[in-house]
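Asks: need a structure here:
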Amino acid sequence: MKSIKELFLNKYGLSGENFDLLKSFMTEHKKSKGDILIHEGEVHHSIYFIKTGAMRSYYINKKGKDVTYWFGFEGDIAASLGNFINSKPSLENIELLEDSVVLKISKSKLLELYETNLELANFGRKLAELALLEMEEQILLTQFTDAKSRYLKLIDKFPQILRRVKLGHISSYLGITQVTLSRIRSEK
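Replies: Below you'll find the model as predicted:
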């Protein structure tokens, strides 16, 4: 497994020096499987980077059903973006799917770094771009592809997901039942 520093340097293009600067403003927290990192309705003034572990974002729909719409693994950012950007109550929950270690940084410290360091400001832009691309991809997959194609894309993107995430969460993310997911998996 790559270190968090390697992940940041490769995924986000940060220099080692600026990763060290960013990390100096972060605090490390160990969390347990099943913990809720961000609760629906709360306002958070921090974001988290996943050092180790797995997470998911979900909301409860009008029928009371748990709907997963994001998975995060090592090197990913975990945040309720509307909450973080606009200081509005979170619309989702972020749940730990494994015992995890996260790096937490406050919004004020992150914005201070953006204002004083061009590379870190570009890092923030890159985070936003990646979040938008991920949302666009998920919308397009959901709207224009069949369940099997969505499943294959998910496995391609996260080869380890079947070992780390419950099938119920995967089927929810794909917008299908667990029975349909089982059928798709048996066809592969």
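
Asks: neighbouring contacts of the helix or strand of the chain with the lowest mean pLDDT?
Replies: In the chain, no helix or strand scores lower on mean pLDDT, DSSP states H and E than helix 81-86, which sits at a mean of 84. Identification of contacts with helix 81-86 by Cβ atoms under 8 Å, 6 or more residues apart in numbering yields 38, 42-47, 88-91, 107, 131. Where you see a C-beta, it was placed from the backbone N, CA and C, and this is true even at glycine.

Asks: Narrow these to just the buried residues.
Replies: Among the contacts of helix 81-86, the ones that count as buried by 16 or more other Cβ atoms under 10 Å are 38, 44, 46-47, 90, 107.

Asks: Report the beta-bridge partner residues of the residue nearest the centre of the chain.
Replies: The chain has residue 72 as the residue nearest its centroid, 3.5 Å off, counting by Cα atoms, centre = their mean. Judged by DSSP bridges, the bridge partners of residue 72 are residue 55.

Asks: Please point out which parts of the longest helix belonging to the chain sit buried.
Replies: The longest helix of the chain (DSSP state H) is helix 118-144. For helix 118-144, a neighbour-count test (16+ other Cβ under 10 Å) marks 119-120, 123, 127, 138, 141 as buried.

Asks: Kindly report the same for stretch 50-60.
Replies: 50-51, 53-58.

Asks: Stretch 97-112 now?
Replies: Within stretch 97-112, the residues scored as buried using 16+ other Cβ under 10 Å are 97-98, 100, 102-105, 107, 110.

Asks: what do you get for stretch 66-76?
Replies: Under 16+ other Cβ under 10 Å, the buried positions of stretch 66-76 are 68, 70-76.

Asks: Who's the closest spatial neighbour of residue 177, skipping the chain neighbours?
Replies: residue 171 (6.0 Å; Cβ to Cβ, 6 or more residues apart in numbering).
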